[in-house]
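**Student:** Structure here, sequence nowhere to be found:
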């Protein structure tokens, strides 16, 4: 007799989240992730749709080692890479300063400072290789663990750490150059140290 366990709703079938349920719950997450990968404007909506078409074709998410958001991010990365290979041009974001979590009532000076910071962060992210950028965004901005990223991407956890380290270094150098600072002053430790 087969036992029921975590991840199964019957003795033989794993629990699946269908594409519609995943879209309702995580569509905004996928759009934000694609934006952080450098996809702009209406292309975000197009690629979100492509991501969930892939999800539908795969029959949804099967409960396992990866959280649905990490799994969706991996699909979004592949869709973004395919779009880039096909030469799809991304349009400019109509409001590049718009970001979630920004206070609604900022002074004009604060809005200007925020807009410059957002543009600098986006420009620094734009300089990263797409796969390292995805790992960097998942870990640093989305709070995913290196183990979950490794499981989702099907790569050793050491490779995740290596790509994350390289991405951090490239991001810090690019950001420092854009804002006219020394990279060591952004690390939070002694000059030249890596945290």
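**Tutor:** Looks like it arrived, so ask away. Source: prediction; values computed, not measured.
**Student:** Next one: residue 153 from residue 174, what distance?
**Tutor:** 23 Å (C-beta to C-beta, to the nearest Å). (Glycine included, C-beta is placed from N, CA and C.)
**Student:** ok, residue 66 touching residue 154?
**Tutor:** No. Residue 66 lies out of contact with residue 154 (C-beta atoms under 8 Å); the separation is 10.0 Å.
**Student:** Break the chain down into its structural domains.
**Tutor:** Following automatic domain parsing, one gets these domains for the chain: 11-93, 104-195.
**Student:** pLDDT on the last one, on average?
**Tutor:** Domain 104-195 carries an average pLDDT of 82.
**Student:** now swap in the first one and tell me
**Tutor:** With pLDDT averaged residue by residue, domain 11-93 scores 79.
**Student:** hmm, back to that, which of the domains of the chain is buried the deepest?
**Tutor:** Most buried of those by mean neighbour count (mean count of other C-beta atoms under 10 Å) is domain 11-93; its value is a mean of 17.
**Student:** How far off centre is that one?
**Tutor:** Relative to its chain's centre, domain 11-93 lies at 10 Å (C-alpha atoms, centre = their mean, to the nearest Å).
**Student:** Same check on stretch 109-122?
**Tutor:** 20 Å.
**Student:** Kindly list the longest helix within this structure.
**Tutor:** helix 157-179 (DSSP state H).
**Student:** What is it packed up against?
**Tutor:** helix 108-126, helix 130-136, helix 146-153, helix 183-187 (3 or more C-beta pairs under 8 Å, 6 or more residues apart in numbering; DSSP states H and E).
**Student:** how about TSV for those, with distance to residue 79 added?
**Tutor:** Below are those laid out as TSV (distance: least, C-beta to C-beta, whole Å):
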stretch	distance to residue 79
helix 108-126	18
helix 130-136	11
helix 146-153	14
helix 183-187	32
